[in-house]
Every structure is written in C-alpha cells, then in structure tokens.
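In: predicted model and sequence follow; I will ask about them next.
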Amino acid sequence: MKKTLLIALLAFLLGFSPAGAAAQPDLSAEAAVLMDMKSGQILFQKNKDKKMYPASTTKILTTLIAIKGGRPGDVVKVSREACQADGSSVGLQEDEVVRLEDLIYMVMLSSANDAAMAVAQHIGGSVEEFSRIMNSEARAMGAVNSNFTNPHGLHDPDHYTTAGDLAIITREAMKNDIFRKYAGTYSHQIKRNLPGPVNGIPQEDFVNLNRMLWPGSIYEYRGITGVKTGYTDEARRCLVASADRNGRELLTVVLKTEFSGVYADTASLLNYGFDSFKQVVLVEAGAAVGRAGVQRGVEKEVGAVTSGEFTYNIPVNATIPVEKKILTDDRIVAPVKKGQKVGTMQFVMGGGVIGGIDLVAGADVDREPFFRWWYGAVLLAFFLLYARSQARARRRRYTLRKKRWY
C-alpha cells in the first residue's frame, strides 16, 4: 500500500505544473529529449528511443574522437576524397595543409563535410576505420541504439541514432573542456595556406550555424553554451543545444522539424526545464554515511564516505520522499587505500531506484602484521599436527599392548 501511494504521489508531482511554471512543451519535432547535464536525468522526452537520422549532429561524436585521438597542432594534409565530399563544405583543396584544431573549428562552426572527412582520415586512417571507432566510443558511453557509417552525417540508411543516444553522446562530449570551447564558439578566423590558386577568395572566417549563439539574433538564448546543428533532406532540421542558468546546465536534442521549429522547440524545452524543475542535492560529496568491514586489517572497519554530490530534479514547489540505501562490500581485504570503492549508495523513490553513487574509504587501513593474523592459523596447524601425532602414538601403543595380551 505504501509503495502504491509513493508511485501515485510521484506520478502526480511529475505531471503537475505549479503556478508560474512553463507548460509541458508542445513540440513540432518528431523526437526530442531534455536532459539535466550534471546528472543525466531525463526531464522530458518525445520518442526518445525512436531510430532517427542525425545529419550533422553526427559531428559532435566526430569532434570528440578527434580531440581524444589527436593534438590541436597536428598538421593534416587534405586528400582528394576529403575535398570532394558532398554537401556543406569550406572548399578545402587537395594537398592543402591545415592544423587539426582549425579543421575542428570548420566542422563545428561551418558544419564542413570536407573538414570532417579530413579529420576522420587523419585520426582513423580511413573513413571505415573512423566509423568503427565512432561506434565503439558510442557503445562505451551507453549509446547502444546508434550506428554510424561516416563522420559527417550525410544520409545513409544505416547511419542513425536516437534522441536519447545523442543526448548521452553530447553529455559525455561536454565533459571535455576542449570540446566545450569549440561547441560554444560564435566565430573563428584562420589563415589558409593553399597549394595553388583558387577561384574567388578562400574562406577564412567561420561563423557558427547555431543561431542561438548569435548576439542580437531573434533566436539568441540567454546562457547558451553550444552545441551543434544538422540538416539533410531526410533528417530535416536538427539541433542539439545546451544552456546554463545559475550554475545549472540543461541539454536538449531536437530531431526532424523545420527551420524555425528547431529553435522554437529548443527554447521551449529549455524554458520548461529551467522554470518547471528545481535541482535538489540529495547528498553532499564527502559525507560520512557508515562503515565498511575490513578483513585482515589493523582496523576492522573503515569509514564509508560519498564519492561525490548527487543531485536530482523535482518539480518546483514539490517535495518527494527519497530513501537512501547503503550497500557496503563485505569482501574488502586490507590494505585499503583512501578513496578506494567500498560500496554504493542507492536513491529510491516511488519504489524504484533513481540513481546511485560510489562510497569510498575515508582513510587508509594497513594490513595487519604477519604475526598477528597468521600466528593463530599457524598455532592451530601445529596443534592439529601434534594432536594427530599423539593420536597415532596412542593407537600404536594400544596395538602393541593388544599383541602382547594375545
């Protein structure tokens, strides 16, 4: 009965829009997600797990892999295949030499497919190998409903993702400060060294296609921090965006809508997240929450502390009961190092687990000296051997007496 009441309370609160809060978004997009950047909590979703074409939002993963696999100053020689890429491009020339960092700016700001190809070939050696890396990285993050066949997002029936997966990938990318720099840059200028003359003036000034970053634009959004636009005929307009207000950052994914709709939907989602939810701290980092047993240590227990802060979003003006469950490892053997995992803390609401964090040792625990934890076992072994030998001796004496008797 208690569990049923908690579930009913949760359902009521999550469906309740307090006075002054934004109404639930009515979106034109076919699929969308609103996520808390810090915790990964989903605050709103529409067709979150539906297979969709990502278009150039693909380049979020491309850029993250480039950052992890290369160095900003790497010199990249552009191949003929790269400069012949279809779709949006910045006119890279065959044998043009460009720094990896400048290629990434082209990818993230101008959504250049030729630059994305050059990046993929530099990092993976080939588009095929780079695509394999993309899929491996995505699955390692938990984005298991996606498949990538190229670094730019040009249409391929086998190149797809979901709004949920794209949120997971972007959240991981935004943990990287270098990625954040590219994702949140409005404009960038480079000096190009072309291998030969070209028609017209080479493009050296690049402006981010995400109009939410444009100062003074009708689409400008206060607190916007990134991240990437996308468009193909099949995917239509797509946008992954993030914004921060008072230290609280939200992430949105909007897939398959039209031009103005992609910005209206994104703003609607962000407003809903900021206005309708509050972030509560369920436990602080470093909080002492219990003790874990230690085998063969100078101390038989060690303090268990939280490895980090855990936050959760709930509707404004609402209070939802959360139960904390502490689970410590009963197989910890000394020595124990401070910061070593010794258990977990789970947060349960409405009968379901909403998240958890690691518990770690609050101090070192040395191994008990050899003579203190072995001597008992050694003495016991000697005693058993002695007792056994005495028993054998008694049996022999008994046998000899018996023979003499007969």
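Out: In hand now; what should we look at? Numbering: from 1, shown residues only.

In: let me know the pLDDT of the residue nearest to Ser56 when sequence neighbours are not counted.
Out: Distances taken as CB to CB, 6 or more residues apart in numbering place Gly230 nearest to Ser56, at 3.8 Å, with adjacent residues excluded. Placement of C-beta: from N, CA and C, glycine included. Here the pLDDT value assigned to Gly230 is 98.

In: can I get the helix or strand hosting Gly230 in PDB, CA atoms only?
Out: Element membership of Gly230, judged by DSSP states H and E, is strand 224-232. Extracted in PDB, the C-alpha atoms of strand 224-232 (Å, rounded to 0.1, in the frame of the first residue of the first chain):
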ATOM      1  CA  ILE A 224      23.500  29.200 -24.300                       C
ATOM      2  CA  THR A 225      26.700  27.100 -24.200                       C
ATOM      3  CA  GLY A 226      26.600  25.100 -27.500                       C
ATOM      4  CA  VAL A 227      26.400  22.700 -29.300                       C
ATOM      5  CA  LYS A 228      25.600  21.600 -33.000                       C
ATOM      6  CA  THR A 229      23.100  22.000 -35.800                       C
ATOM      7  CA  GLY A 230      22.200  19.500 -38.500                       C
ATOM      8  CA  TYR A 231      20.300  19.200 -41.800                       C
ATOM      9  CA  THR A 232      19.700  16.800 -44.600                       C
END
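
In: ok, then the element right after it?
Out: strand 236-245.

In: what's the angle between that next one and strand 224-232?
Out: Using axes from the mean of the first three to the mean of the last three CA atoms, to 10 degrees, the inter-axis angle of strand 236-245 relative to strand 224-232 is 180 degrees.

In: so what are the sheet partners of the helix or strand just after strand 236-245 and their directions?
Out: Remark: after strand 236-245, the chain's next helix or strand is strand 248-257, criterion DSSP H and E. With DSSP bridges as the test, strand 248-257 is paired with strand 31-36 (antiparallel), strand 236-245 (antiparallel).

In: now those in CSV, with mean pLDDT?
Out: Putting the strands paired with strand 248-257 into CSV (pLDDT from 0 to 100) gives the following:
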stretch, mean pLDDT
strand 31-36, 98
strand 236-245, 98
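
In: just name the most buried of these.
Out: Ranked by mean neighbour count, the strands paired with strand 248-257 are led by strand 31-36 with a mean of 25 (mean count of other CB atoms under 10 Å).

In: coming back round to it: now the strands paired with strand 248-257 as TSV including distance to Tyr105?
Out: As requested, the strands paired with strand 248-257 are exported to TSV (distance: least, CB to CB, whole Å):
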stretch	distance to Tyr105
strand 31-36	26
strand 236-245	18
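
In: out of those strands, the one nearest Tyr263 is which?
Out: strand 236-245 (7.2 Å; CB to CB).

In: chain center to that closest one, what's the gap?
Out: Distance of strand 236-245 from its chain centroid, counting by CA atoms, centre = their mean, to the nearest Å, is 17 Å.

In: kindly export it (C-alpha atoms) in CSV.
Out: Taking C-alpha atoms only, strand 236-245 is exported to CSV below (Å, rounded to 0.1, in the frame of the first residue of the first chain):
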residue,chain,number,x,y,z
ARG,A,236,15.3,17.7,-41.8
ARG,A,237,16.3,20.3,-39.2
CYS,A,238,18.1,19.0,-36.1
LEU,A,239,19.7,20.8,-33.2
VAL,A,240,21.5,19.7,-30.0
ALA,A,241,21.8,22.7,-27.6
SER,A,242,22.8,23.4,-24.1
ALA,A,243,22.3,26.3,-21.8
ASP,A,244,23.4,27.3,-18.3
ARG,A,245,21.5,29.4,-15.7
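
In: may I see the buried residues of stretch 150-166?
Out: By neighbour count on 16 or more other CB atoms under 10 Å, the buried set for stretch 150-166 is 150-154, 159-166.

In: end-to-end on that stretch?
Out: From its first residue to its last, stretch 150-166 covers 15 Å (CA to CA, to the nearest Å).

In: so how far is that stretch off the chain centroid?
Out: 18 Å.

In: repeat that for stretch 271-284.
Out: 19 Å.

In: contact partners of it?
Out: Stretch 271-284 is contacted by residues 17-18, 20-25, 34, 36, 38, 43-44, 243, 245, 248, 250, 252, 289, 306, 309-316, 322, 324, 345, 347, 357 when judged by CB atoms under 8 Å, 6 or more residues apart in numbering.

In: rerun at 6 Å
Out: 21-22, 25, 34, 43, 245, 248, 250, 306, 309-313, 316, 322, 347 (CB atoms under 6 Å, 6 or more residues apart in numbering).

In: and what of stretch 119-128?
Out: By CB under 6 Å, 6+ apart, stretch 119-128 touches Ala66, Gly69, Gly70, Val76, Ser79, Leu103, Phe130, Ile133, Pro151.

In: now do the buried residues in that stretch.
Out: Val119, Ala120, Gln121, His122, Ile123, Gly124, Val127.

In: would you map the strands across the stretch 51-200 of the chain?
Out: 75-77, 97-99, 187-189 (DSSP state E, counting those that start in this stretch).

In: what packs against the second one?
Out: Read it as strand 97-99. strand 75-77 (3 or more CB pairs under 6 Å, 6 or more residues apart in numbering; DSSP states H and E).

In: show me which of the contacts of stretch 271-284 are buried.
Out: 21-22, 25, 34, 43, 248, 250, 306, 310-313, 322, 347.

In: in CSV: the residues you listed, plus distance to Gln189.
Out: Below are these laid out as CSV (distance: CB to CB, whole Å):
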residue, distance to Gln189
Ala21, 43
Ala22, 38
Pro25, 37
Leu34, 34
Leu43, 38
Arg248, 33
Leu250, 31
Thr306, 46
Phe310, 43
Thr311, 39
Tyr312, 43
Asn313, 39
Val322, 50
Phe347, 48
